[in-house]
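Trainee: Okay, here's the prediction I keep looking at, along with the sequence it came from:
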Amino acid sequence: MEITKVVIPAAGLGTRFLPYTKTVPKEMLPILGKPAIHYSVEEAVNSGIEHVLFITNRSKALISNYFDSNTELDFFLQDKNKLADVKGINRLIKETHFSYIRQSEPLGLGHAILMAKPFVGKEYFGIALPDDIIINKRPSLDQLIRIARQERATVIAVQEVPHDHVTNYGIIRVKKQITPNLFHVESLVEKPSIKDAPSNLAIVGRYVVSHKIFASLEEISGYATQELQLTDALCHMLQHNEKVFAYKIEGTRYDVGTPRGWLKTVVDLGLQDPLHKEDILQLVQQHSNHFFLPETSGHKKLSI
Ligand code: G1P
């Protein structure tokens, strides 16, 4: 089973990051020198993906500029012996074919995925939500591709979340646990209340899906009253005798879709990076001195 395509929905308005997102897409928020969306593309390419389709909108031109070569800059850097600064992004550009489809109205994740139908054809394909950055030795999409091949079926990535967080996620109901990490899914529900949640296994933004998802999306779009949800289409597939598996992926997940989550990602990943670790620790130390030294102690407060 060949899985060479991934769809990356990037058409959200990013209202949580206003006014920044008035001109810059939230997918371009910097995380240690790279835009957030770089991480999902890198994960996909490291999982053997060759074609990336971004679902964008009219204000996301910076994404296509980033994933395009800039020979003038490369010549300049070569001259200064600094080509290493763009080595990572240039590798992605060289190894990958990028396509773009615009979603003209924000009609939901399901609607964004449905726009990928002509790109995908009759294959299994990956979906990576760029708000989720997952750091692990073996890329998450690669973990899912292995299971999709093994089971010849749709697989979604899940992780356990605290019970009071289930309201933020798509949650699965397990039909059967096959191995400690692999589950046969009975049904799914998007952002349930705490009392209605069938488990605490939450979808974490990586999927490998049969092209049959498009028929389900088309069918449910007829009676969707609000945004078209991908989770509802997966449920529809299950009701029509398609198998769906959930795989508890290994790795640490960061949610860069909120200002707090983005900040946490920058600090956590910065602490793992020898280039930034000392600076972050020093800043935190200075701040704790600033907050905890009593004013009367004679110590001068440090200014950052
Ligand atoms: C989306 C999906 C949801 C999933 C989540 C993971 O929700 O609809 O099922 O659990 O991503 O990040 P969103 O966070 O875009 O509202």
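Mentor: Arrived safely. Numbering: from 1, shown residues only.
Trainee: which residues pair with the residue of the chain found nearest the ligand across the strands?
Mentor: Using CB to the nearest ligand atom, G170 is the residue of the chain that sits closest to the ligand, at 2.5 Å. No exception for glycine: its C-beta is placed from N, CA and C like everyone else's. Note on G170: beta-bridge partners by DSSP bridges are E190.
Trainee: In this structure it contacts L188, no?
Mentor: Yes. G170 is within contact range of L188, at 5.6 Å (criterion: CB atoms under 8 Å).
Trainee: Need the overlap of contacts for the two.
Mentor: 203, 231 (CB atoms under 8 Å, 6 or more residues apart in numbering).
Trainee: Could you tell me the model confidence score at the residue nearest to V166 when sequence neighbours are not counted?
Mentor: Leaving aside its sequence neighbours, V166 sits nearest to A197 (CB to CB, 6 or more residues apart in numbering; 4.0 Å). Among the per-residue scores, A197 shows a pLDDT of 96.
Trainee: ok, I101 - how many residues close by?
Mentor: Number of residues near I101 (other CB atoms under 10 Å) recorded here: 16.
Trainee: Then G205?
Mentor: 25.
Trainee: At which residues are the strands of the chain located?
Mentor: Assigned by DSSP state E, the strands in the chain fall at 5-9, 30-31, 34-35, 51-56, 97-102, 125-128, 132-135, 154-160, 170-177, 182-190, 201-209, 244-248, 252-255.
Trainee: got these as JSON lines, with distance to S288 and mean pLDDT columns?
Mentor: Shown next, in JSON lines, are those (distance: least, CB to CB, whole Å; pLDDT from 0 to 100):
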{"stretch": "strand 5-9", "distance to S288": "39", "mean pLDDT": "98"}
{"stretch": "strand 30-31", "distance to S288": "24", "mean pLDDT": "96"}
{"stretch": "strand 34-35", "distance to S288": "29", "mean pLDDT": "96"}
{"stretch": "strand 51-56", "distance to S288": "41", "mean pLDDT": "98"}
{"stretch": "strand 97-102", "distance to S288": "44", "mean pLDDT": "97"}
{"stretch": "strand 125-128", "distance to S288": "37", "mean pLDDT": "98"}
{"stretch": "strand 132-135", "distance to S288": "26", "mean pLDDT": "96"}
{"stretch": "strand 154-160", "distance to S288": "31", "mean pLDDT": "97"}
{"stretch": "strand 170-177", "distance to S288": "38", "mean pLDDT": "97"}
{"stretch": "strand 182-190", "distance to S288": "41", "mean pLDDT": "96"}
{"stretch": "strand 201-209", "distance to S288": "33", "mean pLDDT": "97"}
{"stretch": "strand 244-248", "distance to S288": "36", "mean pLDDT": "98"}
{"stretch": "strand 252-255", "distance to S288": "24", "mean pLDDT": "96"}
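Trainee: Which residues of the stretch 101-250 of the chain lie near the ligand?
Mentor: 109, 129, 131-132, 169-170, 190, 202-205, 230-231 (CB under 6 Å from any ligand atom).
Trainee: Mind putting those into JSON lines with distance to H211?
Mentor: Formatted as JSON lines, those follow (distance: CB to CB, whole Å):
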{"residue": "L109", "distance to H211": "17"}
{"residue": "L129", "distance to H211": "19"}
{"residue": "D131", "distance to H211": "24"}
{"residue": "D132", "distance to H211": "23"}
{"residue": "Y169", "distance to H211": "25"}
{"residue": "G170", "distance to H211": "20"}
{"residue": "E190", "distance to H211": "22"}
{"residue": "A202", "distance to H211": "25"}
{"residue": "I203", "distance to H211": "19"}
{"residue": "V204", "distance to H211": "22"}
{"residue": "G205", "distance to H211": "20"}
{"residue": "L230", "distance to H211": "14"}
{"residue": "T231", "distance to H211": "18"}
